[in-house]
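# sequence below, structure please.
(one chain, ligands or ions: 1)
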Amino acid sequence: MPAMMKNSEGNHIENVFNKLLKDIGSPVDFRLPDYLYKTRLFPTYTFIKRNIYLTKKKKIKRRPEDDGIFCSCGSSSESSVCGRDCHCGMLLSSCSSGCKCDNSCINKPFQNRPVKRMKLVQTKKCGFGIVALEDISQGEFVIEYVGEVIDDKTCETRLWQMKHRGETNFYLCEINRDMVIDATYKGNKSRYINHSCCPNTEMQKWIIDGETRIGIFATRDIKKGEHLTYDYQSRLPLWSC
Ligand SMILES: C[S@@+](CC[C@H](N)C(=O)[O-])C[C@H]1O[C@@H](n2cnc3c(N)ncnc32)[C@H](O)[C@@H]1O
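Sure, this is the predicted structure:
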């Protein structure tokens, strides 16, 4: 880049920076909430919307209809919307192009339903946790559990590394043989949902366009302000607490 351009660009940025400082005014003392200092646990993960595949196996791109999973809900003249008796829904498979229902089909929890509003909070005994910011009805999709999809070997390596670092929080979820979702480095707020023996959500393994994905669904009506929890024992042999 010619020196002139570099200089003028540099000056421009400097001007903008000075203007920003002027707008902000004099510096003020600011202290983060105490719990952030005590726990030294600033969330240091990268937010992602969808699983990232690090395994060579990649996602198995099979269409559900190839496995005979499709519904004929739309073929009845009454409604083209799938209900409780939808074959796909019963098999925890999202409706796909092989189905007779139309685009308004609601048996697409991961695609069509917005993630519930929730916030990260500090708990007394379990580090961070998640609190619902809205009422959630029983059976509703809450959020997808996403992370890096790794194989057993990588998982083992990572577990050793974490042990050596003295980590006590684990974010691993086994989805298939030799496939683990690891939300340690990349994920979303679902990674902060804590364990309870009396939980209000559960993990469900769904097939979405041939890809196995994990959804968190409400097992009962949840009130705004309640902590979200699920039972780690029921699905996640790799989690410990
Ligand atoms: C998926 S993380 C949940 C978020 C975690 N609390 C954090 O601060 O990042 C799982 C870890 O949280 C902790 N944890 C979750 N539920 C717990 C519970 N009921 N009692 C104690 N620790 C818990 C354990 O350290 C566990 O390995």
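
# neighbours of residue 112, just the number please.
For residue 112, the neighbour count with other CB atoms under 10 Å is 14. Where C-beta positions appear, they are placed from N, C-alpha and C, glycine not excepted.

# that one against residue 106, yeah?
Yes. Between residue 112 and residue 106 a contact is recorded at 6.6 Å, counting by CB atoms under 8 Å.

# per-residue pLDDT of residue 104, please?
Note on residue 104: pLDDT of 76.

# before we move on, what about the one 5 residues further on?
In this prediction, residue 109 carries a pLDDT score of 81.

# how close does it get to the ligand?
Counting by CB to the nearest ligand atom, to the nearest Å, the gap from residue 109 to the ligand is 21 Å.

# heads up, I number from 26, so please use that
Right, with 26 as the first residue, what we last looked at is residue 134.

# count of neighbours near the closest residue to that residue other than its chain neighbours?
Sequence neighbours aside, residue 166 is the residue nearest to residue 134 in space, at 3.9 Å (criterion: CB to CB, 6 or more residues apart in numbering). Neighbourhood size, residue 166 [other CB under 10 Å]: 20.

# got a list of what residue 166 touches?
Residues in contact with residue 166 (CB atoms under 8 Å, 6 or more residues apart in numbering) are 134, 135, 138, 141, 240, 241, 242.

# in TSV: these, plus neighbour count and secondary structure.
What follows is the contacts of residue 166, written out as TSV (neighbours: other CB atoms under 10 Å; DSSP: H, G, I helix; E, B strand; the rest coil):
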residue	neighbour count	secondary structure
134	21	helix
135	18	helix
138	13	coil
141	21	coil
240	22	strand
241	21	strand
242	19	strand
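
# flag the least confident of the residues you listed.
residue 138 (73).

# in stretch 113-132, which residues are buried?
Within stretch 113-132, the residues that qualify as buried are 113, 114, 117, 118, 119, 120, 121, 123, 124, 126, 130, 132, counting by 16 or more other CB atoms under 10 Å.

# and if you look at stretch 153-172?
Residues of stretch 153-172 classed as buried: 153, 154, 155, 157, 161, 166, 167, 168, 169, 170, 171, 172 (neighbour count, 16+ other CB under 10 Å).

# show me what contacts the third one?
Under the criterion of CB under 8 Å, 6+ apart, the neighbours of residue 155 are 143, 144, 145, 146, 214, 215, 217, 218, 219, 252, 253.

# now render those residues as a markdown table, adding secondary structure and distance to residue 176.
As requested, the contacts of residue 155 are arranged in a markdown table below (DSSP: H, G, I helix; E, B strand; the rest coil; distance: CB to CB, whole Å):
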| residue | secondary structure | distance to residue 176 |
| --- | --- | --- |
| 143 | strand | 30 |
| 144 | strand | 33 |
| 145 | strand | 29 |
| 146 | strand | 33 |
| 214 | helix | 25 |
| 215 | helix | 21 |
| 217 | helix | 25 |
| 218 | coil | 24 |
| 219 | strand | 27 |
| 252 | strand | 33 |
| 253 | coil | 29 |
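
# and these near the ligand, which?
When contact is defined as CB under 6 Å from any ligand atom, those meet the ligand at 217, 219.

# near the ligand, which residues of the protein are found?
Residues of the chain lying near the ligand (CB under 6 Å from any ligand atom): 150-154, 193-196, 216-217, 219-221, 264-266.

# of those, buried ones?
Buried members of these, counted by 16+ other CB under 10 Å: 153, 154, 194, 195, 196, 216, 217, 219, 220.

# domain assignment for the protein?
The record assigns the chain these domain ranges, following the TED database: 94-133, 139-171+213-260, 172-212.

# okay, how far is it across stretch 229-246, tip to tip?
17 Å (CA to CA, to the nearest Å).
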